[in-house]
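**Student:** would you be able to build a 3D model of this:
(one chain, ligands or ions: 1)
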Amino acid sequence: MISVMTGVYLHIPFCKRLCHYCDFYSATALGLKTEVLEAMRKELSYLADFVPDRTASTIYIGGGTPSLCSVHEIAGLLDAVHHTWDTSNVVEVTLEANPDDLDLIYLRELRTLGINRLSIGIQSFIDRDLKFMNRRHDAETAIRAVGLAQQAGFDNLSIDLIYGVPGMSTRDWAHNLEVALGLDVQHISAYHLSIEDGTFFGRMQREGRLKPVDERISEEQYALLHDRMAEAGFVHYEISNFARPGYQAVHNSNYWNGAHYVGAGPSAHSFNGTHRRWNLANNRAYLDGFADGRWFETEKLSEIDQYNEFIMTRLRTAAGFRAEELVARFGILKLRKFIRAAASLIEQGLLIREVVLGRESDWTEVGRKESLRSEGDTKSKSDIVRLSDDSSSGVCLRLSGDVRAIGNVSGHETGNGGVECRDELCAAVDDKDCRYRIGYEHFLVSDAIIAELFDAG
Ligand code: SF4
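**Tutor:** Prediction:
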């Protein structure tokens, strides 16, 4: 179900210096900061007309480098949000920060403003890599920043890391993961380096001075990331995001779940389900456009655009989507079209089709038994999970390479803490009772998988 509440995003388009990989809009000249922040405060009230509900669910101050703003400037922006939006239901207020901007006084003051989640851009704990990426902090500063944030009382801390960096070995990456896990943070975002046009690295690549890492290394580092994080108790809930249970980022999860959002500031985007709008990605142009009432462009999404967006955002997450959601939004014919497009991906094991019966929210895992193996299928791995203490009901989870069935199978106890798996259960379900998702092992190539599912019209 799509929440009608709105995520509010504020883009601070300033950085002290530009990192070599970064393609977010940001300027190093700070001369327009006061003017831009003033325009953003006004823009927040105009944005309220773009969405049907002025109730904010989350506030996210990103950039750029929000920690270049003083406490007074952040307070001014938050006041403007509170002035226009009903913020009584806001569950998460995040601020992105660079490690070398943080001291205890600043952090404590941020907490008093209601910021309850801090996202610190660390990227690596190896000074050589930090220099290579043109980051302005070193490893020691990064570690100290996390400690200071904890001392200031932040108990929902996220850090960003980058892997797949030329010159960073898998051993280096393992070191970064161990240091990160030793910091006792609640959330880790780990991105594979992508070399974008218009960045310093993009230019180096064009000039033949930078080669992306070998795919084998990418896969190795990704597998290490997934396995190590899972072992440490983190939930891998989106391609690049890992959280301790209960600490999934609400603001970003809302993007992936198709919720509405508004963005203030140069280059910020807004989305209301049917329209997308984006602001001019240049501070001077944004200010001039703001004065003339022309600081953004809008696009109406066709039904095909909306459908493709649904597929693209939902399949980024480990949960994927339930077919009944697709039917509710786009109709049963669209589901049938999806199933046709998905068939070969499912067969290749790139997309997982799960049969879901009952309410997932009722499930509690109480037993697990590995016993059922389809004869002759050497790839298959079966696993029975009983998810209820009530012996008259249970849930069968059958993993057989490409199909996973989950459903109530009352009265079929195996006597082993499991529940008998019945093939007819899988066969009898309605297509609407299925969930589709990409397995972790294919997240690295998810863009290619998703592209095959797009409706070309
Ligand atoms: S990565 Fe962050 S600090 Fe670096 S240039 Fe981009 S926005 Fe600025």
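**Student:** alpha carbons only for contacts and neighbour counts from here, please
**Tutor:** Fine.
**Student:** point out the residues in this structure that sit beside the ligand.
**Tutor:** For the chain, the contact set with the ligand under Cα under 6 Å from any ligand atom comprises Cys15, Leu18, Cys19, Cys22, Phe24, Gly63, Gly64, Thr65.
**Student:** what about Ala341, distance to Ser169?
**Tutor:** Between Ala341 and Ser169 the distance, using Cα to Cα, to the nearest Å, works out to 38 Å.
**Student:** typo on my end, Ile59
**Tutor:** Distance of Ile59 to Ser169, computed by Cα to Cα: 37 Å.
**Student:** so the two - more neighbours on which side?
**Tutor:** With neighbours defined as other Cα atoms under 10 Å, Ile59 and Ser169 compare such that Ile59 has more, 26 against 15.
**Student:** what sits closest to Arg353 if chain neighbours are left out?
**Tutor:** Nearest residue to Arg353 in three dimensions, chain neighbours excluded: Tyr436, at 4.8 Å (Cα to Cα, 6 or more residues apart in numbering).
**Student:** now do the strands in the stretch 251-400 of the chain.
**Tutor:** Using DSSP state E, counting those that start in this stretch, the strands of the stretch 251-400 of the chain run over 260-264, 269-271, 275-279, 296-300, 321-322, 352-356, 367-369, 384-386, 395-399.
**Student:** least confident of these, on average?
**Tutor:** Mean pLDDT per stretch puts strand 367-369 lowest among those, at a mean of 30.
**Student:** for Gly31, grab the count of nearby residues.
**Tutor:** Number of residues near Gly31 (other Cα under 10 Å) recorded here: 10.
**Student:** ugh, wrong one, I meant Ser67
**Tutor:** Residues lying near Ser67 (other Cα under 10 Å) number 26.
**Student:** ramachandran angles for it?
**Tutor:** phi -70, psi 0 (degrees, to the nearest 10).
**Student:** so what's the residue lying closest to it once chain neighbours are set aside up against?
**Tutor:** Sequence neighbours aside, Ala97 is the residue nearest to Ser67 in space, at 4.9 Å (criterion: Cα to Cα, 6+ apart). Going by Cα atoms under 8 Å, 6 or more residues apart in numbering, Ala97 touches Thr65, Pro66, Ser67, Leu118, Ser119, Ile120, Gly121.
**Student:** same thing but 7 Å
**Tutor:** Going by Cα atoms under 7 Å, 6 or more residues apart in numbering, Ala97 touches Thr65, Pro66, Ser67, Ser119, Ile120, Gly121.
**Student:** those residues into CSV, with extra columns for pLDDT?
**Tutor:** Shown next, in CSV, are those (pLDDT from 0 to 100):
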residue, pLDDT
Thr65, 98
Pro66, 98
Ser67, 98
Ser119, 98
Ile120, 98
Gly121, 98
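**Student:** going by distance to Lys211, which of the residues you listed wins?
**Tutor:** Proximity of those to Lys211 (Cα to Cα) peaks at Gly121, which lies at 23.9 Å.
**Student:** list phi and psi for the residue lying closest to Val179 once chain neighbours are set aside.
**Tutor:** Leaving aside its sequence neighbours, Val179 sits nearest to Phe125 (Cα to Cα, 6+ apart; 7.3 Å). Backbone torsions for Phe125, taken as degrees, to the nearest 10, come to phi -110, psi 20.
**Student:** pLDDT score for Phe125?
**Tutor:** 98.
**Student:** any idea how far the residue nearest to Ser45 when sequence neighbours are not counted lies from Asp433?
**Tutor:** Residue nearest to Ser45 in three dimensions, not counting chain neighbours: Thr84, with 5.5 Å by Cα to Cα, 6+ apart. Note on Thr84: its distance to Asp433, by Cα to Cα, is 41 Å.
**Student:** repeat that for Phe271.
**Tutor:** For Phe271 relative to Asp433 (Cα to Cα), the value is 29 Å.
**Student:** show me which of those two is the more surrounded one.
**Tutor:** Using other Cα under 10 Å, the more surrounded residue of Phe271 and Asp433 is Phe271, with 24 against 16.
**Student:** partners of the more buried one in the sheet?
**Tutor:** Note on Phe271: beta-bridge partners by DSSP bridges are Tyr261, Arg276.
**Student:** next: Glu299.
**Tutor:** Bridge pairing for Glu299 (DSSP bridges) gives the partners Arg276.
**Student:** distance check, it against Val262.
**Tutor:** Remark: distance between Glu299 and Val262 (Cα to Cα) = 14 Å.
**Student:** and if you look at Tyr286?
**Tutor:** In terms of Cα to Cα, Tyr286 sits 16 Å off from Val262.
**Student:** which stretches of this protein have low pLDDT?
**Tutor:** 1-3, 355-430 (pLDDT under 70).
**Student:** which segments of it make up each domain?
**Tutor:** What automatic domain parsing lists as the domains of the chain is 6-256, 326-453.
**Student:** dump these to a markdown table, plus distance to Gly293.
**Tutor:** Converted to a markdown table, the domains of the chain look like this (distance: least, Cα to Cα, whole Å):
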| stretch | distance to Gly293 |
| --- | --- |
| domain 6-256 | 10 |
| domain 326-453 | 34 |
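**Student:** indicate which one of those is closest to Tyr307.
**Tutor:** Of all the domains of the chain, domain 326-453 comes closest under Cα to Cα, at 7.2 Å.
**Student:** helix/strand/coil for the closest residue to Glu196 other than its chain neighbours?
**Tutor:** Excluding its sequence neighbours, the residue lying closest to Glu196 (Cα to Cα, 6+ apart) is Gly202, at 5.2 Å. The three-state assignment at Gly202 reads helix, by DSSP: H, G, I helix; E, B strand; the rest coil.
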